[in-house]
Structures are given as structure tokens and as C-alpha cells.
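Undergrad: Predicted coordinates and the sequence they were generated for:
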Amino acid sequence: MTDVPNGAQTQEAPSLNALAQYIKDLSFENPNAPRSLGPQEQAPNISISVNVNATPLSDTDFEVELTLEGRAGEAPNLMFSFDLVYSGIFRLSGIAKESMHPVVMIECPRLLFPFARQIVADAVRNGGFPPLFIDPIDFAALYRQRVETAQ
């Protein structure tokens, strides 16, 4: 807080800044190529899992990891699988302590997601398949589910 001439107090405006974004880990497997690249009788079952983790680097800086794992098909006819850990360093300021955790676990992955989605789509396309566009993720619902599980 800063003093203003009339003695009133003002608060710093809340802000969330992305300081860096990067691929921490990326794996794409196409175990049955070239056989898996031909026409398929039916669309494969695609499963995707999402996870978010955060590590404090200081009182205001956090590393947030968005993990996307997916596969198309089942063994022995697995078409492809991928694992992506896409991370960012975020600085939060002017945010109340009790609001920091939800902001880090909801807003930060929400900002990372479009970039991670594009990386997955490009990896799948570069593996010889049509690009996989992952539907938007409700990180608030994911956060609520994680909090309920922890309790």
C-alpha cells in the first residue's frame, strides 16, 4: 500500500504476468507406423488426461506445469500417444494471499492451454495424422474437483 496526500491508503492493482513459457517435456509415439497411417475402418477412441501442478519460486513467482497426456486407440492397435508438460513462470502481485492458490491453479493454466493445444495438434499432424484439436478445458471445474478430492 502507498500513502496518498490526504492520508488514505490505496492498494496495488492485481496483476498476473507471464514471465516465460516453455516445453518442459514432449513425447510423441507412433508405434505402428506405417501401418497405422492408412485408412481406418472406424475412428479411434481418443483419451486425454489433464493435470496442473505449481511450484512456488518466491512469494510472487510460480512455475506452473500443464500436463496433457493422450492416446488414440488401444494396444496392440495403438495409433499414437503423446505426453506434453508445458510450463510457465508467472508473477502475481496485488492479489490477496487467500486468492493466490486459485489464481495460480486456474488462471495460469488457462493462459498456457492455447499454446499447449497447438503443440499437441502440430505433433499429431507431424506424426502423419490429422491434427488433434483438444476441446477447451474448464480449469475452474478441474480446480474444484481437485479441492474436493483433497478434503
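TA: Noted; the coordinates are in hand.

Undergrad: beta partners for the residue lying closest to residue 108 once chain neighbours are set aside?
TA: The shortest distance from residue 108 to any non-neighbouring residue, by C-beta to C-beta, 6 or more residues apart in numbering, is to residue 64 (4.1 Å). Quick note: C-beta positions are derived from backbone N, CA and C, even for glycine. In this structure, residue 64 bridges to residue 54, residue 88 when assessed by DSSP bridges.

Undergrad: thought residue 64 was touching residue 53?
TA: Yes: if you go by C-beta atoms under 8 Å, residue 64 and residue 53 touch, sitting 7.4 Å apart.

Undergrad: the more surrounded of the two?
TA: Using other C-beta atoms under 10 Å as the criterion, residue 64 and residue 53 rank with residue 64 on top: 22 against 13.

Undergrad: where does the more buried one land on pLDDT?
TA: Note on residue 64: pLDDT of 98.

Undergrad: export the strand or helix carrying residue 115 as CSV, just CAs?
TA: Residue 115 belongs to helix 108-126 when assigned by DSSP states H and E. Below are the C-alpha coordinates for helix 108-126, written out as CSV (Å, rounded to 0.1, in the frame of the first residue of the first chain):
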residue,chain,number,x,y,z
CYS,A,108,-2.2,-19.6,-15.2
PRO,A,109,-3.1,-23.0,-16.9
ARG,A,110,-5.9,-21.2,-18.7
LEU,A,111,-3.2,-18.9,-20.2
LEU,A,112,-0.9,-21.8,-21.1
PHE,A,113,-3.6,-24.0,-22.6
PRO,A,114,-3.9,-22.5,-26.1
PHE,A,115,-0.1,-22.9,-26.6
ALA,A,116,-0.1,-26.5,-25.3
ARG,A,117,-3.1,-27.3,-27.5
GLN,A,118,-1.3,-26.1,-30.6
ILE,A,119,1.9,-28.1,-29.7
VAL,A,120,-0.2,-31.2,-29.5
ALA,A,121,-2.0,-30.5,-32.7
ASP,A,122,1.3,-30.0,-34.5
ALA,A,123,2.9,-33.1,-33.0
VAL,A,124,0.0,-35.3,-34.1
ARG,A,125,-0.1,-33.7,-37.6
ASN,A,126,3.7,-34.2,-37.9
